[in-house]
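Visitor: Requesting a structural model of the entry that follows:
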Amino acid sequence: MDHPGGRKDHKQPTPLIGGVAVFCAFLLLVLTLDIPLGQWRPFFLASAVVFIVGLLDDFQETPPWSRFAAQIGAALIIVLWGGAVLRNLGGLFSSHDVTLGMFALPFSIFCSVGVINATNMLDGLDGLAGGVLLIFFSILLLLAWRAGLEQDAMILLLICGALLGFLLFNFRFVSSRAAVVFLGDAGSMFLGLAVTWFLIRFTQEPVKLLRPMTAIWLFGLPIMDTVAIMTRRMLRGRSPFSPDREHFHHILLVAGFSVRGTVLIILGISLLMALLGMAGEWAAVPEFVMFYAFLGLFAVYYWGMNHAWKVMKALRRVREHGVPDLNKQRGGAGV
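Guide: Alright, predicted model coming up:
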């Protein structure tokens, strides 16, 4: 149970079983698939590692180092056994690809842990993490289906189905109804591992459905928020993993938007960024153009996070002069 108090906004004790439901539904239905699952063993094992450690943390908060160790262990499994290695970053600076060579393995582990933490930090409001992840995995599902990757499409379909089931109890379809269950660390870390697995798998040989920079756009908002938050914490002499209330969704809440309205705004931005990334992919826009565009967008985002009060005042004026709030009641999942 996640009890109210401290930095948390929700009013009632809420079960942290959403991740358990998502993982169990996924795992049980995987066993019904009539496909060879040998190549997926590293993913299943790594998923079990982060899920178990996350579940222990949901029962009783564990030291950050234990979660961090589990994330590194899971990353080692998918990198060393599963071959999920970032060897080619594409043409980030010119038409020539950036290859990592001997740095491929440590960089892949670093990125895997980063994406898992970005997903974990995303779980801050009712329906936020589930909604953003559903958008992400749905796009990957369509790409895999179009490319004829039957196994990937089936696995992604199961993840999307599990997320839909979870959102029925977590998203505020009715404005006045708070979440019945939360995702918890068990669910967010499992889904974060799935994000990094498919991001690497779909951007590297032999599959390579996407250019690496396109994949960044697909998961762009959580990545920008995590990098901005961790950078600000370290510049202030704090641990990058220390909790606070300085995420983008907190700014929207303080600006006067409701929980449901805040979630819908962030989902809209996430979808827009994903569509821009796919448009750049289909139009064959050079990767270095997409890279510098993303850096420019991140610079604007980081400036906004460092000038949060100005941003909140501007957002409040926008809301009061033409953007109706969807619900005046505040509250949300624990952060």
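
Visitor: partners of residue 88 in the sheet?
Guide: With DSSP bridges as the criterion, residue 88 is bridged to residue 99.

Visitor: Could you count how many residues lie near it?
Guide: The tally of other residues near residue 88 (other C-beta atoms under 10 Å) stands at 17. In short, each C-beta sits where N, CA and C put it, glycine included.

Visitor: center of the chain, which residue is that?
Guide: Geometric centre of the chain, nearest residue: residue 119, 3.4 Å, by C-alpha atoms, centre = their mean.

Visitor: so what's that residue closest to, chain neighbours aside?
Guide: Nearest non-adjacent residue to residue 119, counting by C-beta to C-beta, 6 or more residues apart in numbering: residue 192, 3.1 Å away.

Visitor: For the one you found, give its distance to residue 264.
Guide: Per C-beta to C-beta, to the nearest Å, residue 192 is found 23 Å from residue 264.

Visitor: Settle it for me: which of these two has more neighbours?
Guide: Set residue 192 next to residue 264 and count neighbours by other C-beta under 10 Å: residue 192 wins out with 30 against 18.

Visitor: Which strand or helix spans the closest residue in space to residue 159 that isn't next to it in sequence?
Guide: Closest residue to residue 159 apart from its sequence neighbours, by C-beta to C-beta, 6+ apart: residue 137 at 5.2 Å. If you go by DSSP states H and E, residue 137 is part of helix 128-146.

Visitor: Return the distance of the helix or strand hosting residue 274 from the chain's centre.
Guide: Element membership of residue 274, judged by DSSP H and E, is helix 259-282. The chain centroid and the centroid of helix 259-282 are separated by 13 Å, computed with C-alpha atoms, centre = their mean, to the nearest Å.

Visitor: so what does the next helix or strand after it touch, helix or strand wise?
Guide: Where DSSP H and E defines the elements, the next helix or strand beyond helix 259-282 is helix 287-306. The elements that helix 287-306 packs onto, with contact taken as 3 or more C-beta pairs under 8 Å, 6 or more residues apart in numbering; DSSP states H and E, are helix 212-218, helix 220-235, helix 248-254, helix 259-282.

Visitor: how about these in CSV, adding distance to residue 57 and mean pLDDT?
Guide: Shown next, in CSV, are the helices and strands packed on helix 287-306 (distance: least, C-beta to C-beta, whole Å; pLDDT from 0 to 100):
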stretch, distance to residue 57, mean pLDDT
helix 212-218, 27, 96
helix 220-235, 18, 89
helix 248-254, 22, 82
helix 259-282, 24, 94
